[in-house]
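1. here's my sequence, what's the structure:
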Amino acid sequence: MRRLDCNWLLCLLAFCLGNAVQAASGQVSLEQYRSQLHELSRKIETLPTHPQDAARIETSIPETLVVTTPSGEITVKYHDLKNDLSAFARGNEKKRETLGPQLRNYINTLESQAASFDQEHADAAKAKQQLQSILARREFRRVEEQPSLINIILSRILAGLVRFFSRLPFGSSTFNWFQILVYCLVGAALIVLLLWTIRRLRSRPENPAIREIIPFAPSSRSWRTWLAEARSLAQREDWRGAIHLGYWAGISFLEEHGSWRPNRARTPREYLSLSTSRSPNYPALSSLTRKFELVWYGSREARESDFQETLGQLEKLGCR
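-> Residues are numbered from 1 along each chain as shown. Coordinates of the predicted model:
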């Protein structure tokens, strides 16, 4: 039992010595710094009634103090505070009345700054989280930290062409038909490369959000069934769903009347492209498609007026 008590006392002594060494070295944690400021504020509050303590307080304060915060180390300089305490200790009563509020304001400022460290750390963590969420978006998924093999090969080909052109003589005395052939071949290769690059830049991967997978052709269900379900959703004020089913009612109607061959893999834009601009159904189908895409894929808020507009375009197609 005595050995346990001795071990406990040794641990307590080691802990106290560790804190003492840390404080003597001028480096403290954020909580210790706040505790010191609170104790220092309490002592300064007693100076008007105990001015003789100013010199002792000034001696106990180090010139600088390193505070360890979650975002790193911060060096606090007490030079101005020590000077004010020294002047308070030597000054007369009138001088002390002036320095007293100044000392309290100084400590209050340090305490408010110490209290804001946690908020700054939280703001930095929130900003980091927002940055990570932005970089996780689809448009940044294809960003590569290192160039791909194709990009490396293309860059080397272009560099070789630049070196080739830089060494070719362009004087009239050395110009011959072989050089003309070489220039034409190189020019043709550059044109092909340019056209391929433009085509790759203009081509965009199809957005999966605009392709709705329907396990059957729209015309496999009667357009009247589509329209009846759309009206049923409209009665429940589900305008977005009503416009969705109303669109497919129009597609089913046109498909039943032979406007195109059934294919459940088509997108709304592909259905629109099958109807030429000279077709009498094109204006109504174009307006119907635009309203459907804005409400269903664009997630725009739908209203009763939008559904009534959809019904109007369906009547123009012949869905009555």
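
2. switch to C-alpha atoms for all contacts and neighbour counts from now on
-> Fine.

3. and the helices in the protein?
-> Assigned by DSSP state H, the helices in the chain fall at 2-24, 30-45, 54-60, 79-90, 93-115, 117-135, 149-167, 177-202, 223-235, 239-256, 268-274, 282-292, 304-317.

4. from the chain's centroid, how far away is the longest one?
-> It stands for helix 177-202. Taking the mean of its C-alpha atoms, helix 177-202 sits 40 Å from the chain's own mean (Cα atoms, centre = their mean, to the nearest Å).

5. pull out the buried residues from it.
-> When burial is assessed from 16 or more other Cα atoms under 10 Å, helix 177-202 yields no buried residues.

6. what helices or strands is it leaning on?
-> The contact analysis (3 or more Cα pairs under 8 Å, 6 or more residues apart in numbering; DSSP states H and E) places helix 177-202 against no helix or strand.

7. export the helices of the chain to JSON lines and tack on distance to Ala217?
-> Output for these, formatted as JSON lines (distance: least, Cα to Cα, whole Å):
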{"stretch": "helix 2-24", "distance to Ala217": "77"}
{"stretch": "helix 30-45", "distance to Ala217": "67"}
{"stretch": "helix 54-60", "distance to Ala217": "86"}
{"stretch": "helix 79-90", "distance to Ala217": "82"}
{"stretch": "helix 93-115", "distance to Ala217": "65"}
{"stretch": "helix 117-135", "distance to Ala217": "38"}
{"stretch": "helix 149-167", "distance to Ala217": "40"}
{"stretch": "helix 177-202", "distance to Ala217": "31"}
{"stretch": "helix 223-235", "distance to Ala217": "12"}
{"stretch": "helix 239-256", "distance to Ala217": "8"}
{"stretch": "helix 268-274", "distance to Ala217": "12"}
{"stretch": "helix 282-292", "distance to Ala217": "17"}
{"stretch": "helix 304-317", "distance to Ala217": "19"}
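
8. which of the ones you listed sits closest to Thr69?
-> Set against Thr69 and scored by Cα to Cα, the helices of the chain come closest in helix 30-45, at 5.6 Å.

9. give me the below-cutoff pLDDT ranges for the stretch 51-200 of the chain.
-> 70-72, 117-128, 130-148, 161-162, 164-179 (pLDDT under 70).

10. one more time with 50, if that's ok
-> 172-175 (pLDDT under 50).

11. Tyr78: what's its closest spatial neighbour, skipping adjacent residues?
-> Spatially, and ignoring its direct neighbours in sequence, Tyr78 is nearest to Glu63 (5.2 Å; Cα to Cα, 6 or more residues apart in numbering).

12. so which of the helices of the chain is nearest Glu73?
-> Closest of those to Glu73 is helix 30-45, at 9.6 Å (criterion: Cα to Cα).

13. tell me the angle of the closest one relative to helix 93-115?
-> 160 degrees (axes from the mean of the first three to the mean of the last three Cα atoms, to 10 degrees).

14. buried ones in helix 30-45?
-> Neighbour counts over helix 30-45 (16+ other Cα under 10 Å) mark 30, 33-34, 37, 40-41, 44 as buried.

15. identify the farthest-apart pair in those.
-> Spatially, the most separated pair among these is Leu30 and Ile44, at 20.9 Å (Cα to Cα).

16. ok so, going back, wait, the residue nearest to Tyr78 sits on Lys77?
-> Yes. Counting by Cα atoms under 8 Å, Glu63 touches Lys77, with 6.0 Å between them.

17. related to what we said a few turns ago, need the phi and psi values for the residue nearest to Tyr78.
-> When read as degrees, to the nearest 10, the backbone of Glu63 gives phi -70, psi -40.

18. got a list of what it touches?
-> Contacts here follow Cα atoms under 8 Å, 6 or more residues apart in numbering; on that basis Glu63 touches 77-79, 82.

19. now swap in Arg104 and tell me
-> Taking Cα under 8 Å, 6+ apart, we find Arg104 in contact with 41, 44-45.

20. 7 Å - rerun?
-> With contact set as Cα atoms under 7 Å, 6 or more residues apart in numbering, Arg104 has these partners: Ile44.

21. how near is it to Arg202?
-> Distance, Arg104 to Arg202, using Cα to Cα, to the nearest Å: 67 Å.

22. domain-wise, how is this structure divided?
-> Split into domains by automatic domain parsing, the chain comes to 23-117, 176-205, 218-317.

23. if we can go back for a sec, reformat the buried residues of helix 30-45 as JSON lines; add pLDDT and distance to Leu227.
-> Listed next are the buried residues of helix 30-45 as JSON lines, based on pLDDT from 0 to 100; distance: Cα to Cα, whole Å:
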{"residue": "Leu30", "pLDDT": "72", "distance to Leu227": "68"}
{"residue": "Tyr33", "pLDDT": "77", "distance to Leu227": "72"}
{"residue": "Arg34", "pLDDT": "79", "distance to Leu227": "70"}
{"residue": "Leu37", "pLDDT": "78", "distance to Leu227": "74"}
{"residue": "Leu40", "pLDDT": "81", "distance to Leu227": "78"}
{"residue": "Ser41", "pLDDT": "80", "distance to Leu227": "77"}
{"residue": "Ile44", "pLDDT": "79", "distance to Leu227": "81"}
